[in-house]
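Chemist: Coordinates for the following, if possible.
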Amino acid sequence: MRIARREARRARGRTALVLTMIALPVVVLSFVAVTYDMADLTREESFAQRAGTADVELHWVAENPIHQDSWGDTNWARTGDQVTRERPVGRAEIEALLPAGSRASRVSWWVPFEVRIGDRTRTLDGRALDLTDPVARSTVRLRSGRVPTAPDEVAVSAQAAARMGVRVGGSVDAADGTRRWRVVGVVEFPDQLGEIVALTPTGLPRDGRSYDESWLVDLPGPVDAALVDRLNAHGVLVSARNPVPGAQSPDGSTLNLPDPVLASNAVLVGGLGLLEVVLLVGPAFAVGVRRRRRDLALVAVAGGDPVHLRRIVLADGVVLGGLGAACGLLLGVTAALAGRSLVEEHVLGARSGGYRVFPAALAAIAAVAVLAGVLAALAPALAAARQDVVAGLAGRRTAPPHRRRWLLLGVTLTVLGSGTAALGAAGGDTPVILAGLVLGELGLVFCTPTLIGLLARLGPLLPPAPRIALRDASRNRSSAAPAISAVMAAVAGSVALGVYVASDDARSQADWQPGMPPGRVLLLRGDRDGTGPLPPLPLITERVRAELGTDAVLPVAVPGCTQVRHPSAYCTVTPVLPAGRACPYDAESYRTAEVRREALADPRCVPPVRIVSGFYLPAMVDDGAALGVLSGAPAAEVAAAAAVLRAGGVVVTDPRYVVDGRVTVRVDRSVGDSRPPVATTVTLPGHLLRDGLPVDRLVLSPAAAARVGLRTEPVGFAVDTRSAPTTAQLDRVVTALRPLLPVTAQIERGPPHSEQRPVLLLLAAGAGVITLGAAGVATGLAAAEGRRDLSTLAAVGASPRVRRMLSLCQAGVIAVVGSALGIAAGLGSALIILTSTNRQYAQTWPTQTPYPVVVPWQTLGVLVVVPLVAMLGAGLFTRSRLTVERRLD
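Modeler: Numbers count the residues shown, from 1 in each chain. Model prediction:
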């Protein structure tokens, strides 16, 4: 350890390099660990953020007695089934269950606050509470202004104020234009730092909707078991700052164990990161050992055995790993504590629990950092223990012997890793896939030294500079191989993930199925009632024409219940599939291979319609006017369908429903209570709509809807646009129609644009940074070690340009070879995984869309350019002057 400390002080440049590469991941991990520990709230902190200084929070969840757990997270009926409480709860009803002197304040947690910002309607999160009450007031922090007291007053968060463009004293209009709110203050809710609005309880919209409500209660005394039992007996759930007494557990206590899949994934990904650090740091230790050949040889002459030599080199890893861990922890913890407020506001969206660190995680991170240093020094330590003592005393370099066992081990691990990854892909097991990738990467690492030796044989065919670069890489494999392996690992991971992301995006594009033709617009009514008649069509058409330039505005309706006596009552209408045309296999029977093969070969199990990706109306009531706009079918088909609808029939898009020109329709009616729904079937004249969108759609004529006992509910208008309108045009249409009818605009603009391009570029950028770093480190170490060779070049008359060319070629060997191997390994890994997954999909039923193999050319382009940048940088930042040094050997 003393020798290692002295060597670290003597070789300050190399020490700084190693410390930087070890400390950087420690900084990131310690920052994340401390931030996580501060953000991981205790039960008391979480309750205080939500309920302030209240003693308990009450939810009236049931009409019958309940049991609950100690924290109020779960509840269940004491006997029979739980009857959900739907009636509103009044203050008097709550306070009647509480001890005398209690103070209760109601909070409505999730209230949609719909406002008009310019020509757009935006919905923000609202929270209704009486901030003049001390109990509710303790849940917020007043930043400026005052708390709202009147129904038309609100307080907003800073983010909501910026979004709406208002200040204290300003006003905002409701989306429907019926009211205006005045902003009187800026507040902050510790549990939600985003866009949120605080309303008064009397300022809630009177639309009959119910909200998630609870009561914050300040008790005159402690929470006791008798109070909890009395509240539970009335169906009230109790949450408190501490575990409530007298609570029960439905299943007994269970250990909260981590998810084994997530834990194994984290360990494997962490192992890949550790391997990357080891590969990046390894060359520095290898160069350090070669520069200390004489010192180590003197230790051997003085009686040191190979164990002593290994310990001396491993001590370098312990010292530098410990120093890197200390520096990284200091910087990471400081950054986490200093940047806490920024992380809360821009990442977490909530306040943390307090300033604290994560000692166990920091200790583990420090141990891993020391382990990384020791592992990086392991291979150089083994090489130092085997060095020739006489050659070390003379200062001569001896090429390492070629050991075939490393090549055999590498090939074995590569094949084993490929098979493991394929097996994991076939079974959809992510930990097995990652384990296979780790094994394959280790195999390639072991194969790299042999590959460098093979490439060195091309030296006689090359000019002097690349020949010397290849010779040095072959001679110094202990430093060149880890650098090349680090580049290979980073590039392989980037390419493999890039191929998977690009293929998954292409698969999503192939699965995309619109519910209405792209460019068409559907204006859906947004009024509170939603059951009254629509405004006159000429008025709607006039305002739509002014903005979109089209007169093709058609009313759209859906079937509905004739009589609704309960809020949860519903009616559904669907076509009935004839028994002989239905697929005879279900989710339970197709699990065997034989049944799967039969299902895949049965044409009845291949539906002619597709699952819709966006919005569409599966059931409509129409006379054929809006059918063409929403189906995209040819005019002749629409005309034939309209004739059937005028005759009182129905139209379907799935040919399996039509039997001898008739379609059987089933109507399910639920009255909204515990009784099962009632189903009735009616057979009507039917028509198959061909050549339209391949989606499952049922269109009833008004006469057919009346015959099956349903009424026609107008829901909006379909607009046949000449071209796809812009977002601004749709906003103007919504604004223009608001005085007549509040509407929301639905439009299908085509396949969704890929959102993976930033991900691909980020992967390529990460691999590029590692490539540049590894090439720069290896080139700098090679230059520091090859000073004598440069002196020899200068002595024999080499021009200064040779020095730059040599550095350029040395960087090229690292970057080009590593990138080429990484691209090949990444493409191979992705191909194995995607092929295995597609084979699994080919044998499953219901069938799934296979993954196409898509090469992310943007990522590959970046990774091809990066080696050129590394070579250019090495050439530019290398001094041309070749100094002549005295050679004593």
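Chemist: ok, how many other residues are close to the nearest residue to residue 220 once chain neighbours are set aside?
Modeler: Spatial nearest neighbour of residue 220, excluding adjacent residues (Cβ to Cβ, 6 or more residues apart in numbering): residue 101 at 3.8 Å. Heads up, the C-betas are built off the backbone N, CA and C, glycines and all. By other Cβ atoms under 10 Å, the residues close to residue 101 number 9.
Chemist: per-residue pLDDT, residue 101?
Modeler: pLDDT recorded at residue 101 is 88.
Chemist: Check the contact between it and residue 218; I expect there is one.
Modeler: No - Residue 101 is beyond contact range of residue 218, at 9.0 Å (criterion: Cβ atoms under 8 Å).
Chemist: returning to that earlier point: distance of the residue nearest to residue 220 from residue 95?
Modeler: Distance, residue 101 to residue 95, using Cβ to Cβ, to the nearest Å: 10 Å.
Chemist: got the CA coordinates for stretch 705-725 in PDB?
Modeler: This file holds the C-alpha atoms of stretch 705-725, laid out as PDB (Å, rounded to 0.1, in the frame of the first residue of the first chain):
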ATOM      1  CA  ALA A 705     -82.600   1.400 -33.700                       C
ATOM      2  CA  ALA A 706     -86.200   2.000 -32.700                       C
ATOM      3  CA  ARG A 707     -87.000  -1.600 -33.600                       C
ATOM      4  CA  VAL A 708     -84.400  -3.000 -31.100                       C
ATOM      5  CA  GLY A 709     -85.600  -0.600 -28.400                       C
ATOM      6  CA  LEU A 710     -82.900   2.000 -28.600                       C
ATOM      7  CA  ARG A 711     -83.000   5.800 -29.200                       C
ATOM      8  CA  THR A 712     -80.900   8.000 -31.300                       C
ATOM      9  CA  GLU A 713     -78.400  10.100 -29.300                       C
ATOM     10  CA  PRO A 714     -76.800  13.000 -31.300                       C
ATOM     11  CA  VAL A 715     -73.100  13.200 -30.400                       C
ATOM     12  CA  GLY A 716     -71.700  15.700 -32.800                       C
ATOM     13  CA  PHE A 717     -70.800  16.300 -36.400                       C
ATOM     14  CA  ALA A 718     -68.500  14.800 -39.100                       C
ATOM     15  CA  VAL A 719     -66.600  17.100 -41.300                       C
ATOM     16  CA  ASP A 720     -65.400  16.000 -44.800                       C
ATOM     17  CA  THR A 721     -62.300  18.200 -45.200                       C
ATOM     18  CA  ARG A 722     -60.500  18.800 -48.500                       C
ATOM     19  CA  SER A 723     -57.100  18.600 -46.600                       C
ATOM     20  CA  ALA A 724     -56.100  17.900 -43.100                       C
ATOM     21  CA  PRO A 725     -56.600  21.000 -41.000                       C
END
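Chemist: What residues sit buried inside it?
Modeler: The neighbour-count check on stretch 705-725 (16 or more other Cβ atoms under 10 Å) flags 705-706, 708-721, 725 as buried.
Chemist: chain center to stretch 309-319: distance?
Modeler: How far stretch 309-319 lies from its chain's middle: 42 Å, per Cα atoms, centre = their mean, to the nearest Å.
Chemist: Please work out the average pLDDT along that stretch.
Modeler: Averaging pLDDT residue by residue across stretch 309-319 gives 88.
Chemist: again, but for stretch 413-424
Modeler: 85.
Chemist: swap in stretch 56-73?
Modeler: pLDDT averaged over stretch 56-73 gives 90.
Chemist: which of the residues in that stretch are buried?
Modeler: 56-62, 64-72.
Chemist: And the protein, split by domain according to the record?
Modeler: The record's domain parsing of the chain by automatic domain parsing lists 1-42+265-396, 103-218, 412-512+753-889, 521-747.
Chemist: now the ones you listed in JSON lines, with distance to residue 90?
Modeler: Output for these, formatted as JSON lines (distance: least, Cβ to Cβ, whole Å):
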{"stretch": "domain 1-42+265-396", "distance to residue 90": "31"}
{"stretch": "domain 103-218", "distance to residue 90": "9"}
{"stretch": "domain 412-512+753-889", "distance to residue 90": "48"}
{"stretch": "domain 521-747", "distance to residue 90": "20"}
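Chemist: just so I know, which of the ones you listed lies nearest residue 245?
Modeler: domain 103-218 (16.1 Å; Cβ to Cβ).
Chemist: quick check, distance from that closest one to the centre of its chain.
Modeler: 30 Å.
Chemist: and the one helix or strand residue 481 maps to, what does it pack onto?
Modeler: In the assignment (DSSP states H and E), residue 481 maps to helix 477-511. Counting contacts by 3 or more Cβ pairs under 8 Å, 6 or more residues apart in numbering; DSSP states H and E, helix 477-511 packs against helix 260-291, helix 359-385, helix 430-456, helix 464-475, helix 757-785, helix 800-842, helix 857-876.
Chemist: which regions of the stretch 651-800 of the chain sit below the pLDDT cut-off?
Modeler: 672-675, 753-757, 759-761, 763, 766, 778-790, 794 (pLDDT under 70).
Chemist: hey, where'd the helices end up in it?
Modeler: Taking DSSP state H, counting those that start in this stretch, the helices of the stretch 651-800 of the chain run over residues 702-707, 727-737, 757-785, 787-795, 800-842.
Chemist: Report the contact partners of residue 231.
Modeler: Applying Cβ atoms under 8 Å, 6 or more residues apart in numbering to residue 231 gives the contacts 58, 97, 237, 238.
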